[in-house]
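# Have a look; sequence and predicted model below, questions after that.
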Amino acid sequence: MCAIRFREAKPGTVQTMNASQNEMGELVEVWETTGLVNAEIWPLRGNQSRGKMGVTDKSTHELFTADAVKSNTRVIQGLYNGYLVGHVEDWDTHRTAILEKVF
């Protein structure tokens, strides 16, 4: 795959959720950093997003990157931008992913 450059790409971290049990036996979500990504994240807009595959009622943003991203992970850019990765599509030169903003 030939990498393309995104002019407004910002660095972020990719996290994977691992479930573990605490001392009380309760299931606890633990997010561990598994990699880095340079990506542009754009808000989804009404008519623009209707025809896109993987868009749900909770979808809020779309990610564009040349780096590896998997669904069911989390992408964090800065302090206040955390997203769950939903549907991922591979194109010739890049990947796109539908995101849900979580914080």
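Arrived safely.

# And the pLDDT for the residue nearest to Trp31 when sequence neighbours are not counted?
Excluding the flanking residues, the one nearest Trp31 by Cβ to Cβ, 6 or more residues apart in numbering is Gln15, at 4.4 Å. Heads up, the C-betas are built off the backbone N, CA and C, glycines and all. We have a pLDDT of 96 for Gln15.

# now Glu100
Taking Glu100 on its own, its pLDDT is 91.

# just Asn72 next, same as before
91.

# worst-scoring helix or strand of the protein, pLDDT-wise?
helix 46-50 (a mean of 65; mean pLDDT, DSSP states H and E).

# about what we covered before: can you name the helix or strand that the residue nearest to Trp31 falls in?
strand 10-21 (DSSP states H and E).

# So what's the gap between that strand and the chain middle?
With Cα atoms, centre = their mean, to the nearest Å as the basis, strand 10-21 stands 10 Å off its chain's centre.

# try stretch 64-79
That offset, for stretch 64-79, works out to 4 Å (Cα atoms, centre = their mean).

# and it, which residues are buried?
For stretch 64-79, the neighbour count (16 or more other Cβ atoms under 10 Å) marks 64-67, 69, 73-77 as buried.

# residue ranges with poor pLDDT in the chain?
1-5, 47-51, 53 (pLDDT under 70).

# Now Lys58. Nearest residue, chain neighbours left out?
In space, Lys58 is closest to Glu100, 4.7 Å off (Cβ to Cβ, 6+ apart).

# if I pick the residue lying farthest from the centre of the chain, what's in contact with it?
Relative to the mean C-alpha coordinate of the chain, counting by Cα atoms, centre = their mean, the farthest residue is Met24 (31.7 Å). Going by Cβ atoms under 8 Å, 6 or more residues apart in numbering, Met24 touches no other residue.
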